[in-house]
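Participant: all I have is the shape, not the residue letters:
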Ligand SMILES: CC(C)(COP(=O)(O)OP(=O)(O)OC[C@H]1O[C@@H](n2cnc3c(N)ncnc32)[C@H](O)[C@@H]1OP(=O)(O)O)[C@@H](O)C(=O)NCCC(=O)NCCS
């Protein structure tokens with residue numbers, strides 16, 4: 001089992017939220033449309049960025065072929081985040097997300 005954690009300041013993402021090319025480099029279309037559908041869009045994007053970093057940390061000692069943009073997070077119907085690696089559902093990694101208007105945090109476990 002391996003664990004990863006990341007925390008980010010929301011204000012760091014202010015300049016990115018309207019930068020479509022940056023968003024498309026980092027997030028999937030689904031992550032972008034989910035986040036932009038929320039009134040606190042920056043928090044949802046920032047926490048997904050934190051999730052990618054946390055997941056990468058959890059994976060890093062085991063899999064060097066995965067880069068951050070291969071990782072995405074979408075929620076199931078009940079709101080629980082589900083991890084995808086290269087667009088495939090990955091049930092070996094669990095992630096938990098939390099956000100406020102100042103900070104976002106993510107913890108990932110690879111088991
Ligand atoms: C789902 C819930 C736990 C989210 O907590 P919150 O403090 O409002 O918000 P946080 O910022 O900490 O967490 C938000 C993230 O929780 C995650 N989340 C939502 N539903 C979830 C679920 N069913 N399982 C796991 N994670 C979930 C999502 O990733 C969400 O972020 P996202 O929309 O960007 O993906 C909360 O809204 C809730 O429904 N609580 C019910 C439990 C309760 O009654 N508590 C009262 C105290 S006993």
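Facilitator: Arrived safely, thanks for sending. What you are looking at is a predicted structure, and each value in this text was computed from that prediction instead of being measured.

Participant: got the residues of this protein near the ligand?
Facilitator: Counting by C-beta under 6 Å from any ligand atom, the positions of the chain adjacent to the ligand are 44, 47, 75, 78, 79, 80, 81, 97, 98, 99. For glycine as for every other residue, the C-beta is placed from the backbone atoms N, C-alpha and C.

Participant: take the residues you listed and keep only those in helices.
Facilitator: Taking DSSP state H as the definition of helices, the residues of the chain next to the ligand contribute 44, 47.

Participant: which ChimeraX command selects the buried ones in the residues of the chain next to the ligand?
Facilitator: Of these, the buried ones go into a single ChimeraX selection, burial set by 16 or more other C-beta atoms under 10 Å:
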select :44,47,81,97,99
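
Participant: give me the most central residue, this protein.
Facilitator: Note on the chain: the residue nearest the mean C-alpha position is residue 48, at 2.5 Å, using C-alpha atoms, centre = their mean.

Participant: dump the residue contacts of that one.
Facilitator: Residue 48 is in contact with 27, 31, 35, 72, 73, 97, counting by C-beta atoms under 8 Å, 6 or more residues apart in numbering.

Participant: just give me the closest of those to the ligand.
Facilitator: When the contacts of residue 48 are compared for distance to the ligand (C-beta to the nearest ligand atom), residue 97 comes out closest, at 3.7 Å.

Participant: how far off centre is stretch 102-111?
Facilitator: 8 Å (C-alpha atoms, centre = their mean, to the nearest Å).

Participant: with stretch 46-53 instead?
Facilitator: 3 Å.

Participant: now do residue 87: how many residues are near it, please.
Facilitator: 9 (other C-beta atoms under 10 Å).

Participant: and for residue 83?
Facilitator: Neighbours around residue 83, by other C-beta under 10 Å: 22.
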